[in-house]
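> Got a predicted structure here, sequence first:
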Amino acid sequence: MKRRISVLPLAIIAILLFVLNWYVLSGIRTISSTPFTTPLFWGFITLTTVALIYSIIRMRDNGMDLLFKVTTHVFLILFVTEVIFSAFLLLGDVYRLITQVPRNIHWVEFALLVVLLVILIFIYGIVKGKYAYRVIKHTLFFDDLPSNFDGFTITQISDVHAGSFKNPTAVQKGINLTKAQNSDLFVFTGDLVNNKAEEIKPWIDHFKQVKAPYGQFSVLGNHDYGDYIPWKNEAEKSANLEQLKEYHKELGYKLLLDEEVTLHKGEQKIILAGVENWGIGFGERGDLNKALAGSETNDFKILLSHDPSHWEAEVVKHPSKVHLTLSGHTHGMQFGIEAFGIKWSPVKYRYAHWAGITSKNGRFLNINRGFGFLGFSGRIGIWPEITVIELKRSPKIN
């Protein structure tokens with residue numbers, strides 16, 4: 001049965017976009033009233049819209065090809081700049097209505113300069129920002145951390161999305177930065193590829209360079225299951241997943257599929273567990289009870305779980321305490337601001353906590369902002385992340 005498409009939401013979106021464009025054009029005509037302004041503007045808008053719709057229709061057969069990437073990026077930049085321009089224009093028009101003066105041409109010109117700056121920021125994000133790797137370090141204190149693990153370090157990366165990479169030199173810089181952390185343990189928290197296992201093959205020699213004394217461990221993310229593209233049959237889809245698991249082995253990663261391993265340091269231990277992807281709206285495959293079945297309630301436990309919604313839904317209230325959960329998935333939406341005490345991204349409207357450390361009931365969650373990128377071929381303000389976490393015993397208070 002074909003899925004029915006609701007016309008009303010599409011009609012509302014179309015009307016809102018038309019009003020937005022009409023308002024933008026009114027601003028442009030304030031400083032350019034030639035006979036060609038209006039037809040050129042609407043011609044560009046129409047061409048962009050038709051190209052976008054066409055690329056979306058053919059995406060099912062061709063995937064995210066060059067046409068799709070170009071049209072979606074042009075549309076995204078156009079939409080964001082139009083919204084910003086309209087916001088400035090609206091401020092000027094409110095002032096104009098209050099003071100009963102004509103629209104200020106210089107204010108409109110200033111708004112266009114801001115738009116130009118935004119376009120340049122987008123260009124930087126596409127060309128440089130997506131490979132602008134950052135190391136973010138956290139020190140976490142626990143009352144019940146085994147003393148031998150005091151100072152134990154973990155390097156985490158997540159959301160590689162290897163099918164999006166085009167620049168081996170830039171990716172190698174990220175790998176070198178990861179290796180330079182010299183952590184005791186390395187973990188990868190899912191989404192190795194966009195859709196197909198073959199996407200990681202050209203990058204195996206890069207990511208297999210990362211080694212740690214206590215091993216390299218990984219879990220699957222929602223994109224790793226191949227759910228977002230058509231397959232000839234279920235057998236082909238299953239074979240793709242099995243091939244991806246083999247590539248984890250080639251990378252030197254121990255893939256944790258609802259299971260755990262014990263890490264020993266002297267006579268003491270901690271538990272490292274990993275679940276298959278469990279995320280609200282993205283497939284609830286993981287079995288936390290199975291992953292923790294071999295551990296004791298009082299064991300110190302670290303969990304790898306790709307989607308942070310799993311932590312809120314199950315992990316934080318599980319009777320067997322998981323001290324630290326490491327996730328990814330959100331990418332920080334690859335767009336936002338984290339500066340001057342401000343931490344904002346549109347993804348906050350989907351996930352209340354979307355990056356970095358949070359805690360509840362003495363249980364910590366870290367959400368890595370992602371090593372790679374997907375959809376928007378860039379990053380603005382939310383840079384690719386390599387996380388380093390140091391575990392410390394809480395100091396005793398006399």
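Nice, thanks for sending it over.

> And the residue nearest the centre of this structure?
His331 (1.5 Å; CA atoms, centre = their mean).

> Give me the next element, helix or strand, following the lengthiest helix in the chain.
Ranked by residue count, the top helix of the chain under DSSP state H comes out as helix 66-99. Downstream of helix 66-99, the next assigned helix or strand under DSSP states H and E is helix 105-127.

> returning to what we had before: and the residue nearest to the centre of the chain, how close does it get to Phe300?
29 Å (CB to CB, to the nearest Å). From N, CA and C alone the C-beta is placed, and that goes for glycine too.

> is it fair to say Thr153 lies in a helix?
No - looking at Thr153 with DSSP: H, G, I helix; E, B strand; the rest coil, it is strand, so not inside a helix.

> Shouldn't Tyr351 be within a strand?
No - read with three-state DSSP, Tyr351 is coil and lies in no strand.

> My guess is Gln156 contacts Ile389. True?
Yes - at 6.9 Å, Gln156 counts as touching Ile389 under the criterion of CB atoms under 8 Å.

> between these two, which one's more packed in?
Higher neighbour count among Gln156 and Ile389: Gln156, with 26 against 23, using other CB atoms under 10 Å.

> quick one: which helix or strand includes that one?
Here Gln156 is assigned to strand 152-157, by DSSP H and E.

> Quick check: what element follows that strand along the chain?
That would be, after strand 152-157 and using DSSP H and E, helix 168-179.

> how about the longest helix of the chain: buried residues?
Of all the residues in helix 66-99, those buried under the rule 16 or more other CB atoms under 10 Å are 68, 71-73, 76-78, 80-82, 85-86, 88-89, 92-93.

> and it with helix 105-127, angle?
Comparing the axes of helix 66-99 and helix 105-127 via axes from the mean of the first three to the mean of the last three CA atoms, to 10 degrees yields an angle of 150 degrees.

> Which other helices and strands does helix 66-99 contact?
Judged by 3 or more CB pairs under 8 Å, 6 or more residues apart in numbering; DSSP states H and E, helix 66-99 is in contact with helix 7-31, helix 37-62, helix 105-127.

> Show me what the helix or strand of the chain with the lowest mean pLDDT is packed against.
Within the chain, no helix or strand scores below helix 37-62, which has a mean of 88 by mean pLDDT, DSSP states H and E. With contacts taken as 3+ CB pairs under 8 Å, 6+ apart, helix 37-62 sits against helix 7-31, helix 66-99.

> Which one, of those, ends up nearest to Gly341?
Among the helices and strands packed on helix 37-62, the nearest to Gly341 by CB to CB is helix 66-99 (22.2 Å).

> now the helices and strands packed on helix 37-62 as CSV including distance to Val322?
CSV is the format used below for the helices and strands packed on helix 37-62 (distance: least, CB to CB, whole Å):
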stretch, distance to Val322
helix 7-31, 40
helix 66-99, 38
